[in-house]
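**Student:** fold the following.
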Amino acid sequence: MGRALARRESMHVAILEQLRLDIVEGRWQPGERLPEPLLCEEFGVSRTPLRDAFRILETERLVELIPHVGAVVTAPDASDINGAFEVLALLEAAAAETVARHRSPEVVRKLRKVCELMQIALEKGNHRRYFELNDDFHAAIVEGASNPVLQQTHEHLMWHVYRIRQTINRHRPFSREAGTGEEHQDIVQAIMDGESARAFALVRSHLLGVGAATLNDAGLAQPLVAGEPA
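**Tutor:** Residues are numbered from 1 along each chain as shown. Here you go, the predicted model:
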């Protein structure tokens, strides 16, 4: 009984993760209805676990459940992206503050190494690698805070960021102006110096700035106001 329940839960998680990824990467476009018969066949499941996944995706604002229609993919919305970056800025800033207080040598080494690799990717114009490393940088800060609740909340919000980034990258080439790496280096320095308040301010300002640029690149007219670093 316990093993059967575990298998069902494992399948449910697998379905949810794959559907979320498919939406974020553009397999299913905004306004498109997720085809239940096809998905049931792909996953080898009945409609019950599939619809359970739909309900979670609706709470994440990636789909809308419409009566007599089904699960319809939502369009990226300025208020969603705006709200995601505002909360992400606070979460990561709090994580950076904690990391700066503890100054774990392992976390600091990882951040410095990622910064170096980001600069190399930027100089080579390798935008895919740059964004992967950028995500690694921010993930290292969040993981370094050792707060599972913060980390899980951060992960859920990041799906909206990944989604809008995919949309932007499909319609415009990567630009070196996407970043110089100086802000990341300043964040690492503040952490290394144990300046927790400055680390908080720098991370918050950085993410609000990234959010404003992202909204602008996506053509969504609801810019954020980046805070001034302390």
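**Student:** strands of this protein, start to end?
**Tutor:** Applying DSSP state E to the chain gives strands spanning 63-66, 70-73.
**Student:** what residue ranges in this structure score low on pLDDT?
**Tutor:** 1-9, 169-180, 221-230 (pLDDT under 70).
**Student:** Asp22 touches Glu32, doesn't it?
**Tutor:** No - between Asp22 and Glu32 there is no contact under CB atoms under 8 Å: 10.8 Å. The C-beta positions use only the backbone N, C-alpha and C, and glycine is treated the same way.
**Student:** if I look at Gln18, how far off is Glu25?
**Tutor:** 11 Å (CB to CB, to the nearest Å).
**Student:** ok, the two, which is more surrounded?
**Tutor:** Neighbour count, other CB atoms under 10 Å: between Gln18 and Glu25, Gln18 has more, with 15 against 11.
**Student:** for the more buried one, which non-adjacent residue is closest in space?
**Tutor:** Among residues not flanking Gln18 along the chain, Phe43 sits closest, at 7.7 Å (CB to CB, 6 or more residues apart in numbering).
**Student:** deepest of the strands of the chain, which one?
**Tutor:** Ranked by mean neighbour count, these are led by strand 70-73 with a mean of 20 (mean count of other CB atoms under 10 Å).
**Student:** domains of this protein?
**Tutor:** What automatic domain parsing lists as the domains of the chain is 2-73, 78-217.
**Student:** spatially central, which residue of this protein would that be?
**Tutor:** Nearest to the geometric centre of the chain sits Met158, at 1.8 Å (CA atoms, centre = their mean).
**Student:** what about the residue lying closest to it once chain neighbours are set aside, neighbour count?
**Tutor:** Using CB to CB, 6+ apart and skipping residues adjacent in sequence, the residue nearest Met158 is Leu88, 7.2 Å away. Leu88 has 24 neighbouring residues, counting by other CB under 10 Å.
**Student:** ok, Leu88 touching Val161?
**Tutor:** Yes - between Leu88 and Val161 there is a contact at 7.3 Å, judged by CB under 8 Å.
**Student:** picking that back up, contacting residues for the residue nearest to Met158?
**Tutor:** Neighbour list for Leu88: 154, 157-158, 161, 207, 211 [criterion: CB atoms under 8 Å, 6 or more residues apart in numbering].
**Student:** make it 10 Å
**Tutor:** Neighbour list for Leu88: 138, 142, 153-154, 157-158, 160-161, 203-204, 207-208, 210-211 [criterion: CB atoms under 10 Å, 6 or more residues apart in numbering].
**Student:** rewinding a little: let's have the strands of the chain in JSON lines, adding distance to Leu38.
**Tutor:** JSON lines is the format used below for the strands of the chain (distance: least, CB to CB, whole Å):
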{"stretch": "strand 63-66", "distance to Leu38": "15"}
{"stretch": "strand 70-73", "distance to Leu38": "12"}
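**Student:** nearest to Ala93, of the ones you listed?
**Tutor:** Ala93 sits nearest to strand 63-66 of all the strands of the chain, at 30.1 Å, using CB to CB.
**Student:** which neighbours in the sheet does that closest one have, and how are they oriented?
**Tutor:** Sheet pairing of strand 63-66 (DSSP bridges) gives strand 70-73 (antiparallel).
**Student:** which residues are contacting the partner strand?
**Tutor:** Residues outside strand 70-73 that contact it (CB under 10 Å, 6+ apart): 19, 22-23, 26-36, 39, 50-51, 53-55, 57-58, 62-66.
**Student:** please enumerate the shared neighbours of Leu88 and Val161.
**Tutor:** 138, 207, 210-211.
**Student:** including distance to Gly194 and neighbour count, could the residues you listed go into CSV?
**Tutor:** Formatted as CSV, those follow (distance: CB to CB, whole Å; neighbours: other CB atoms under 10 Å):
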residue, distance to Gly194, neighbour count
His138, 20, 24
Leu207, 21, 25
Val210, 25, 21
Gly211, 27, 25
